[in-house]
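Asks: Below are the sequence and a predicted model for it; my questions follow.
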Amino acid sequence: QVQLVESGGELVQAGGSLRLSCVASGRTFSSYAMGWFRQAPGKEREFVAVISSTGGYTSYADSAKGRFTISRDNAKNTVYLQMNSLKSEDTANYFCAASEYNSREQARFGSWGQGTQVTVSS
């Protein structure tokens, strides 16, 4: 288990960019795959992106491909989500999570942060 704290969410205009950060506590961060998920009001939480423990593998939801980039810095125990060309439909609470698997499935992620709110105004 790791403790995760997200930051970077804010109000931004459509077409703008944001970079979310997620800092993990503990010395085992580099052994976990890390994912980003989001939950919009009234909707189910959904997968956004995942990165392997070494950063050599990434996978994105179709809605994120070409606009979002997941990356990590294991020396800083931090995973990032760079979001460009933001749309109003990207408005959601964004969560990072840790998993032993390179997975898109929420059930595979055992540790979750509290989330950071991203609001995109049109």
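Replies: Looks like it arrived, so ask away.

Asks: could you give me the average pLDDT of the helix or strand containing residue 111?
Replies: Assessed by DSSP states H and E, residue 111 sits inside strand 109-112. For strand 109-112, mean pLDDT is 96.

Asks: so what secondary structure elements neighbour the following helix or strand past that strand?
Replies: Counting by DSSP H and E, the next helix or strand C-terminal to strand 109-112 is strand 116-121. Here strand 116-121 touches strand 11-13, strand 18-24, strand 92-99, going by 3 or more C-beta pairs under 8 Å, 6 or more residues apart in numbering; DSSP states H and E. Bear in mind the C-beta positions are built from the backbone N, C-alpha and C, glycine included.

Asks: Give the pairing partners of the strand holding residue 111; include direction for each.
Replies: Here strand 109-112 is paired, per DSSP bridges, with strand 92-99 (antiparallel).

Asks: Need the residues that contact the strand it pairs with.
Replies: Residues outside strand 92-99 that contact it (C-beta atoms under 8 Å, 6 or more residues apart in numbering) are 2, 4, 6, 9, 20, 22, 24, 29, 32-41, 43, 45, 48, 50, 79, 81, 106, 108-118.

Asks: Cheers, nothing more for now.
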